[in-house]
Every structure is written in structure tokens, then in C-alpha cells.
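Engineer: with the input below, show me the fold.
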Amino acid sequence: MFLVWSAVVLAGVSSATPSPPPASRFDVVVYGSTPGGVLAAVTAARHGAVTALLSQREHIGGMSAGGLGQSDIGSCADEVIGGNVKEFFERNAKRYASTQPRGPWNLEPHVAKEVFLELMNESGVTLLLPDEIQSVTMATPDPASSSAARIESVTTVHGATYGAGVFIDASYEGDLMARTPSVEYTFGREARGQYNESGAGSQGTSFGYGIEYLNPYDGSGKLLPLLSPVVPLPDGEGDRQIQAYNFRLCVTDNATLRVPWTEPAGYDSTEWELLRRFWLAWPNSTNVHKEAQAAVPTAILGAIPSTTGARKFDMNNCGYNPIHTDMIGGSWGYPNASYDERRAIWQAHVNYTEGFLWFMSSDASVPSAVRTAYRDEWGYCGDEFTGIHPGPPHFPPQLYVREARRLVGDRVLTQNDVTQKQPLGNLSVGMGCYNFDSHCEERYACADPKTCGLYPKPYVSVQCGCSVPNPGIYQMPLWVLFPKKAQVTNLIVPVCASASHVAYATIRMEPQFMMLGEAAGVVAALTVKAGGAVPIQDVDPNAVATLLRAEGAILGPTETPAVYGCQTGTTFQRCMLDPHGSGHHSSNSTCNGQCPGLQPRQWLALRAHFYPPSSSGATTLKSHMMATVIKKSEALSQTLPRSAIQPVGVPGENISITLWLAEPVVEFDSEYYLITCASNNCSATP
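Structural biologist: Next comes the predicted model:
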């Protein structure tokens with residue numbers, strides 16, 4: 001790997017000195033170092049594509065390395081997370097001598113970042129100097145061709161230009177997508193009738209969220225800070241409102257590790273009058289969540305791993321309270337903002353968060369037990385976010401951009417696609433099960449007696465969510481990655497994917513972004529192997545599914561994740577990837593080693609499973625139809641001759657063939673081999 005820069009020093013790995021990139025053209029350029037972006041880059045590189053990752057900022061790993069340690073896995077992690085995504089989580093878990101909270105899914109920020117960098121380093125991904133996309137140059141169209149537009153290169157704010165055969169926009173904001181001429185995207189909430197979604201659009205003024213009565217005006221009749229002057233549109237109408245962002249703080253109550261919260265510069269307690277009124281009214285509250293509202297530190301806490309053994313937590317907003325770490329309304333201008341405007345919005349969120357923490361630590365209106373705990377017991381984790389980065393010390397640099405732009409492809413994933421669960425077969429690239437989770441869009445004064453009936457006088461209210469039941473396990477289709485074919489044919493978008501606001505509310509979780517990123521990497525690599533002439537929209541979904549399953553991805557609700565088994569014989573013993581989980585091979589601890597001289601992601605053999613017809617005669621199949629591969633770096637023993645083919649079974653029954661290669665081959669491509677069976681004799685031809 002050409003590690004052009006790194007602000008982190010890994011254990012045993014020195015940081016690199018910034019220098020010009022070794023090349024300006026690559027097979028694949030990934031924009032955005034989100035978890036989905038890292039997985040896209042790693043996967044494309046593992047499949048042989050010369051890949052570069054262009055991060056917008058020095059922070060690598062997005063939210064998974066930026067404080068979101070309580071990974072949003074829902075209730076189905078073991079059933080849906082496999083492949084390179086699971087490898088990332090398992091690598092994190094192996095950093096600890098003992099089982100950590102909610103292992104292996106919860107993450108410690110600095111460890112997650114190290115693992116992301118480790119994966120890229122091993123895979124040969126070139127990490128470019130951090131920068132933002134300024135412009136996109138399209139390829140000159142061929143007058144003799146009817147093919148759609150292609151991106152030729154991207155140019156950054158600081159003047160670097162990078163060309164590629166395939167581009168992947170894995171940023172949270174979709175800036176590469178938005179700067180590509182003609183590519184259609186949207187943001188905000190669609191109207192209920194646009195896709196016939198029951199949860200779409202404004203939630204109207206009837207959404208009360210159980211908030212106690214609070215007067216929204218000061219003594220002169222002026223609206224208090226932290227309230228929007230905009231009244232929600234009628235129920236179901238579309239708007240441009242964006243769900244709230246926040247910072248996922250890494251906090252501790254360990255006296256040694258704790259860094260206390262301090263008064264921020266320019267702090268003005270009058271800006272928090274609404275929160276003061278809430279706490280003054282709280283002792284007499286009849287809210288069913290009253291006890292939870294004052295549970296220290298008034299936030300959703302998720303225990304995360306700790307390399308030191310000190311207690312560490314991911315601190316999220318507390319939805320029971322009207323004011324918490326979500327800066328409701330502060331995100332509306334973010335999706336289409338300029339970079340300078342984005343930085344101002346980021347800083348506003350930093351100021352808001354620091355002000356909230358200090359108010360809770362110091363204001364007399366806060367119950368004594370809560371205030372004392374904020375002031376004397378809780379604080380930032382002193383071992384996180386220690387490098388040079390914008391913001392206060394130990395404060396996460398990554399703003400939680402829960403939703404920004406969304407691609408509008410030839411097809412758009414909707415609430416109905418997610419809930420109706422039509423089987424996708426090999427069109428599936430991964431699964432999810434998280435609820436439709438859209439954080440509050442607005443906090444406002446409800447003053448119109450015609451529509452505001454919760455109290456007889458003006459009161460504070462919010463509108464949040466989609467009001468749609470949990471979908472259960474569902475599949476994500478390949479086409480959510482693709483812009484319209486008539487607009488561009490070499491851009492893949494795994495994070496700002498083609499989904500409605502309601503559908504996006506469930507697929508926007510980092511594990512799902514990583515699955516979509518892994519699929520994007522496979523599509524990109526297959527496109528490169530085809531010479532770049534095939535539009536990404538025309539890549540064979542069967543080939544995509546085959547490679548994803550070979551990596552251990554779980555694409556359907558009845559599938560089992562790939563497992564490793566150990567095949568033994570009189571003279572050899574090999575570790576084989578068995579994605580069917582059939583358990584034909586007995587486990588053996590000696591199969592956990594590495595083969596000398598083999599590089600990561602080289603393959604030692606192909607294993608094909610198929611059902612030949614019962615009739616006599618030869619059957620010729622492309623092995624990628626139901627093929628799996630064996631990771632050479634997991635095998636233990638000498639290679640066997642190419643002719644050593646081991647058929648099992650008879651015509652009409654399941655035949656399992658293992659083809660051992662005479663020489664190590666980088667990214668063995670099963671599509672290039674034909675397996676021919678006549679009776680029970682099989683041969684393979686490159």
C-alpha cells in the first residue's frame with residue numbers, strides 16, 4: 001500500500017510523511033472514508049483493482065471510529081452480518097484479551113480506526129491526501145457509441161486530479177454524486193403520495209411525543225432560543241426538513257480516565273432558557289418517563305470496549321427529554337451547503353454540545369444529583385481523539401450526519417419494498433432489520449388552536465420519526481447503488497443510496513452502509529475486470545452475489561454465514577471456506593495458521609457445488625454460478641497439482657469438486673474456469 005498520509009501511528013507501524021500520490025489514475029477511486037467507503041476500497045482492492053481512497057478529512061472511519069461505539073445492529077446481527085463486514089468487527093474484538101460489551105459488535109473509537117487503517121494497508125489501498133471534491137470531469141463521448149456519460153476524473157479543492165475507471169461516492173453527504181452533471185438526487189422527506197408510503201412526509205402538528213407543557217415565549221412574547229419559527233406542514237406533505245444530527249461522545253465515569261467538561265468560550269446561559277424551564281417543571285411532572293428523564297447522564301449510554309479496562313460509553317441523545325445532544329433543526333441547511341457553510345454548521349453543533357454539557361454541569365435548575373454527576377463524575381474519555389483535529393480535546397471530529405442527500409436511481413427503495421419483503425434472490429447484496437429510525441426534525445411553538453389541541457394555549461412540540469412498525473429482516477437490492485443509467489455509468493453510491501426518506505431510515509445504519517460498500521467494491525472490481533466497458537448497471541448480479549457469498553456475506557434470510565472447516569487426508573490438511581455451513585469437515589485448530597509465502601486475499605483453490613441433471617452425457621457449467629473459493633492465506637500445506645480434482649457424488653446428486661491450483665493466483669476468478677462433468681468424472685478448463 002502507498003500510505004500517502006496518516007495522522008495515526010499504529011502499533012508497530014510508523015506514520016507516513018505526507019507526499020504527492022504515486023499515481024493520479026487508478027482502477028477505482030473511492031470518495032469518503034466512512035465505514036462504507038473503507039469497506040468499498042478494501043473489497044475492490046482485494047479483488048485486484050488498483051484502488052485509492054480520498055477522504056474529506058484526516059479522520060478515518062466515519063462514525064464507527066467517531067464515537068458511535070454502540071453499533072446499530074438491531075436484533076439480527078448474527079443473521080445478517082457476514083463477509084468483510086463481520087471480519088472488521090471480529091478484528092476489533094480480537095484486540096481484547098477478554099469478552100467486551102456486546103461483542104463483537106461494539107467498538108472503541110481509536111481501535112476501530114486502527115482496524116480500518118490496517119485493512120486498507122493489507123489490501124494495498126492508496127490513501128490520498130485528505131481533500132474535498134471541487135469538480136467532476138466527464139469523459140469525451142465517442143460519436144460512434146451510444147453509451148451514456150462516464151466520469152473521467154475528479155478535481156479537489158486544492159487542485160489534485162484523480163482519474164479512474166470506476167468511482168464510488170461513499171461520503172455521508174454525496175458530494176461527488178451531486179457534482180456529477182445530470183445525476184439526480186434529493187433530500188428531505190417525500191410526500192406520502194409520491195411512493196405510497198404511510199410513514200412519508202411531515203408528521204404534522206398532531207405529533208406530541210409526550211412533551212410536558214412548556215411556554216415557548218419569553219416575557220416580551222418573543223420565541224425562545226432552540227425553537228423553530230416554522231410550523232410543520234399538514235400531515236403527509238413533503239418538505240426539505242432533515243432529521244437531527246449530533247456528536248456521539250465517548251464518555252467515562254472513571255476518575256483516572258475522565259476529562260471534565262468545561263465552560264465553553266462565549267457560553268450564554270440565556271440560550272438555554274427552554275431547558276431551564278423543563279428542569280424547573282420536572283419535579284411536578286406526571287410524564288411516564290420522568291425517572292428516565294433524570295437518569296444520569298440523561299442520555300442513551302452504550303457500554304463499549306476498553307483497552308485500559310476503565311468503563312467507557314457511547315453517549316447518544318435522550319429522546320425522553322425535549323432537549324438533549326441532538327441539535328434539532330440545526331441540520332436543515334447541511335445537505336446542499338457549501339464546504340464553508342458545512343464547517344459553520346459543524347461548529348454550531350460543537351458549540352451546542354459543549355453548551356448543553358456545561359448547562360447540565362452548572363445550572364441551578366438542574367436537579368442536584370444530575371448536576372453533581374455531570375460536574376464531578378462524568379467527562380470525555382482521555383484516551384480518545386487525542387491527535388490534532390478540529391474541535392475541543394477528546395471531542396469526536398465526525399458529526400453524525402444521519403441523512404443528507406439521497407440518490408434517485410432508475411429504481412428507488414421505499415417503505416413498501418422493505419416491509420413487503422419480496423425475495424430478491426441474487427439481486428440481494430445484504431440485509432438489515434433495524435427499525436425505521438428518523439430522529440426529530442423540528443422543535444417548534446404549536447400555537448394555532450385549529451391544529452394544536454394538546455394544550456389550550458401555545459406550547460412546545462416536536463415532530464419526529466416515520467411512525468412505521470419495525471420491518472424485521474429484509475434484503476437490500478443491488479440497484480440501490482446505481483444512478484440512472486442514462487445519466488452516468490461508472491459511479492456507485494453505497495451510502496447516499498437510492499432510497500426514500502422512510503426506507504433510508506432503516507438502511508442508514510453503519511453495518512448496512514458497510515454491506516453496501518462491500519457490494520460496491522465487488523461491482524467496481526468486476527467492472528474493471530471487464531475492461532471498464534460494461535456500465536456498472538449491467539454487471540451480472542449473479543457474479544456479484546457469488547463473490548459476496550464467497551467472502552461470507554449473508555444475502556438471504558435462509559442462508560447461513562460462511563464458516564471455515566478443515567479437510568484432512570493422508571498427506572495434507574487444508575482450511576476450506578465452506579459458505580454452505582454444511583459441517584462436512586471436522587474442525588482442527590491447526591487449520592488456523594497462515595501459509596508461508598502467500599499474500600492476504602490470494603486463493604488456493606476453487607470449490608464448486610452444483611446439481612447436474614440425472615440424464616447421461618456431459619454437463620458444462622460456468623463455475624461462478626454456484627462456486628465458492630478457498631482462501632490461500634488460511635490453507636496449511638503444499639499446493640497440489642492442477643489435475644488433482646476430487647469429485648464427490650454421482651449424476652443427479654450434489655457434486656462437490658475441489659480444484660487445487662498449482663501456483664498461487666492473486667484473486668482467483670472462478671468465472672474463468674469451466675467445470676465439465678460426464679458421469680462422475682469431472683475436469684476443469686481455464
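Engineer: per-residue pLDDT of residue 653, please?
Structural biologist: As predicted, residue 653 sits at a pLDDT of 38.
Engineer: mind pulling up the pLDDT for residue 212?
Structural biologist: With respect to pLDDT, residue 212 scores 85.
Engineer: mind jotting down where the helices sit in the stretch 201-350 of the chain?
Structural biologist: 273-281, 290-293, 339-362 (DSSP state H, counting those that start in this stretch).
Engineer: what comes up buried for the second one?
Structural biologist: Under the neighbour-count criterion of 16 or more other C-beta atoms under 10 Å, helix 290-293 has residue 293 buried. (C-beta placed from N, C-alpha, C; glycine too.)
Engineer: ok, the longest one next?
Structural biologist: Going by neighbour count (16+ other C-beta under 10 Å), the buried part of helix 339-362 is 342, 345-346, 349-361.
Engineer: about what we covered before: residue 64 is nearest to which of the helices of the stretch 201-350 of the chain?
Structural biologist: helix 339-362 (18.6 Å; C-beta to C-beta).
Engineer: so which of the buried residues of helix 339-362 is the closest to residue 547?
Structural biologist: residue 342 (35.7 Å).
Engineer: does the closest one touch residue 334 like I think?
Structural biologist: Yes: Residue 342 lies in contact with residue 334 (C-beta atoms under 8 Å); the separation is 6.3 Å.
Engineer: what about the helices in the stretch 351-500 of the chain?
Structural biologist: 368-376, 415-420.
Engineer: buried deepest among those helices, which one?
Structural biologist: helix 415-420 (a mean of 20; mean count of other C-beta atoms under 10 Å).
Engineer: pull the distance from that helix to the chain's centre.
Structural biologist: 20 Å (C-alpha atoms, centre = their mean, to the nearest Å).
Engineer: can you show me the CA trace of it as CSV?
Structural biologist: Output of helix 415-420 as CSV, limited to C-alpha atoms (Å, rounded to 0.1, in the frame of the first residue of the first chain):
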residue,chain,number,x,y,z
GLN,A,415,-41.0,1.6,2.7
ASN,A,416,-43.1,-0.9,0.8
ASP,A,417,-40.0,-2.7,-0.6
VAL,A,418,-38.7,-3.1,2.9
THR,A,419,-41.9,-4.2,4.6
GLN,A,420,-43.3,-6.4,1.8
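Engineer: and that helix, what does it pack against?
Structural biologist: Contacts defined by 3 or more C-beta pairs under 8 Å, 6 or more residues apart in numbering; DSSP states H and E place helix 415-420 against strand 474-477, helix 501-507.
Engineer: what is the last one packed up against?
Structural biologist: What it means is helix 501-507. Helix 501-507 packs on helix 415-420, helix 510-529, going by 3+ C-beta pairs under 8 Å, 6+ apart.
Engineer: spit out the residues that contact residue 342 and residue 334 alike.
Structural biologist: Residues touching both residue 342 and residue 334 (C-beta atoms under 8 Å, 6 or more residues apart in numbering): residue 173.
Engineer: will you turn the helices and strands packed on helix 415-420 into a markdown table that also has distance to residue 338?
Structural biologist: Output for these, formatted as a markdown table (distance: least, C-beta to C-beta, whole Å):
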| stretch | distance to residue 338 |
| --- | --- |
| strand 474-477 | 32 |
| helix 501-507 | 23 |
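Engineer: nearest to residue 281, out of these?
Structural biologist: helix 501-507 (31.4 Å).
Engineer: so where's the stretch 551-686 of the chain shaky on pLDDT?
Structural biologist: Residue ranges of the stretch 551-686 of the chain with pLDDT under 70: 560-686.
Engineer: could you pull out the strands for the stretch 451-600 of the chain?
Structural biologist: Using DSSP state E, counting those that start in this stretch, the strands of the stretch 451-600 of the chain run over residues 459-463, 474-477, 491-492, 563-568, 573-578.
Engineer: burial count for residue 221?
Structural biologist: Residues near residue 221, counting by other C-beta atoms under 10 Å, number 6.
Engineer: for it, give its distance to residue 277.
Structural biologist: Distance of residue 221 to residue 277, given as C-beta to C-beta, to the nearest Å: 16 Å.
Engineer: could you do residue 266 as well?
Structural biologist: 22 Å.
Engineer: which one's more surrounded, those two?
Structural biologist: More neighbours surround residue 277 than the other of residue 266 and residue 277, with 20 against 9 (other C-beta under 10 Å).
Engineer: of all the helices and strands packed on helix 501-507, which one is nearest residue 448?
Structural biologist: helix 415-420 (29.1 Å).
Engineer: so for that closest one, mean pLDDT?
Structural biologist: Here the average pLDDT along helix 415-420 is 97.
Engineer: with stretch 238-253 instead?
Structural biologist: 98.
Engineer: list the buried residues in it.
Structural biologist: Buried residues in stretch 238-253 (16+ other C-beta under 10 Å): 238-239, 241-253.
Engineer: gap between it and the chain center?
Structural biologist: Worked out by C-alpha atoms, centre = their mean, stretch 238-253 lies 16 Å from the chain centre.
Engineer: now for this structure, the helix or strand with the poorest mean pLDDT.
Structural biologist: strand 618-622 (a mean of 33; mean pLDDT, DSSP states H and E).
Engineer: identify the residues contacting residue 456.
Structural biologist: Residue 456 neighbours (C-beta under 8 Å, 6+ apart): residue 449.
Engineer: and the pLDDT for it?
Structural biologist: So, for residue 456, pLDDT stands at 92.
Engineer: do the same with residue 404
Structural biologist: 98.
Engineer: thought it was touching residue 332?
Structural biologist: No: with contact defined as C-beta under 8 Å, residue 404 and residue 332 do not form a contacting pair (11.0 Å).
Engineer: my guess is residue 484 contacts residue 410. True?
Structural biologist: Yes: contact criterion C-beta under 8 Å: residue 484 and residue 410 qualify, at 5.0 Å.
Engineer: which one's more surrounded, these two?
Structural biologist: More neighbours surround residue 484 than the other of residue 484 and residue 410, with 18 against 14 (other C-beta under 10 Å).
Engineer: what is the neighbour count of residue 235?
Structural biologist: Neighbour tally, residue 235, other C-beta under 10 Å: 16.
Engineer: kindly report the same for residue 331.
Structural biologist: If we define neighbours as other C-beta under 10 Å, then residue 331 has 25 of them.
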